[in-house]
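Q: One predicted model, sequence on top.
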Amino acid sequence: MADASVRLDKWLWVARFFKTRAAAAQAIAAGRVEVNGVQAKPARPLAVGDRLRVRKPPYAFLVRVVALSAQRGSAKVAAGLYEEDAAGKASRERLARQLRIAPTPAFEGKGRPTKRDRRELERLRGDDTE
């Protein structure tokens, strides 16, 4: 169903950038969505050709609106509603690769020692009372 204009929060939900319309509205209110370089409100009407910058940390999507729809459909239909900027897609994929390669934070052993650790410390200090 093609419409003359659709609310920004509804379009973001239909295009599957967010799981719920409320989540889309919350991201817009937080300033994570720009329309044609300007922060927008959830009720702003979108038109074909508008350029969006959608930030979903740590990624940023740079897209151009190709079609409007007010009814959420399959992922294949949703992908046809927008066209992603090639440079934005390349930088997002590069960041995803870097995050995949980055070391994950590991447990540093801080906190209360285990019974085994305590016994090892006592042995090193010479506190054996046996």
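A: Thanks, I have the structure now. Residues are numbered from 1 along each chain as shown.

Q: Can you pull out the low-pLDDT segments for this structure?
A: 1-3, 107, 128-130 (pLDDT under 70).

Q: Which residue ranges of it form strands?
A: 6-7, 33-35, 38-39, 45-46, 51-56, 59-65, 82-84 (DSSP state E).

Q: Now render those strands as CSV, adding mean neighbour count and distance to residue 125.
A: C-beta coordinates here come from the backbone N, C-alpha and C atoms, glycine included. Output for the strands of the chain, formatted as CSV (neighbours: other Cβ atoms under 10 Å; distance: least, Cβ to Cβ, whole Å):
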stretch, mean neighbour count, distance to residue 125
strand 6-7, 22, 69
strand 33-35, 21, 59
strand 38-39, 10, 61
strand 45-46, 18, 70
strand 51-56, 17, 52
strand 59-65, 17, 51
strand 82-84, 16, 62
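
Q: Reformat those as TSV; add distance to residue 99.
A: Output for the strands of the chain, formatted as TSV (distance: least, Cβ to Cβ, whole Å):
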stretch	distance to residue 99
strand 6-7	32
strand 33-35	22
strand 38-39	27
strand 45-46	30
strand 51-56	13
strand 59-65	9
strand 82-84	19
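
Q: Nearest to residue 16, out of those strands?
A: When these are compared by Cβ to Cβ, strand 82-84 sits nearest residue 16, at 9.9 Å.

Q: What pairs with that closest one, parallel or antiparallel?
A: strand 59-65 (antiparallel) (DSSP bridges).

Q: one step back: how about the strands of the chain, which one is nearest residue 124?
A: Here strand 59-65 is closest among these (Cβ to Cβ), at 48.1 Å.
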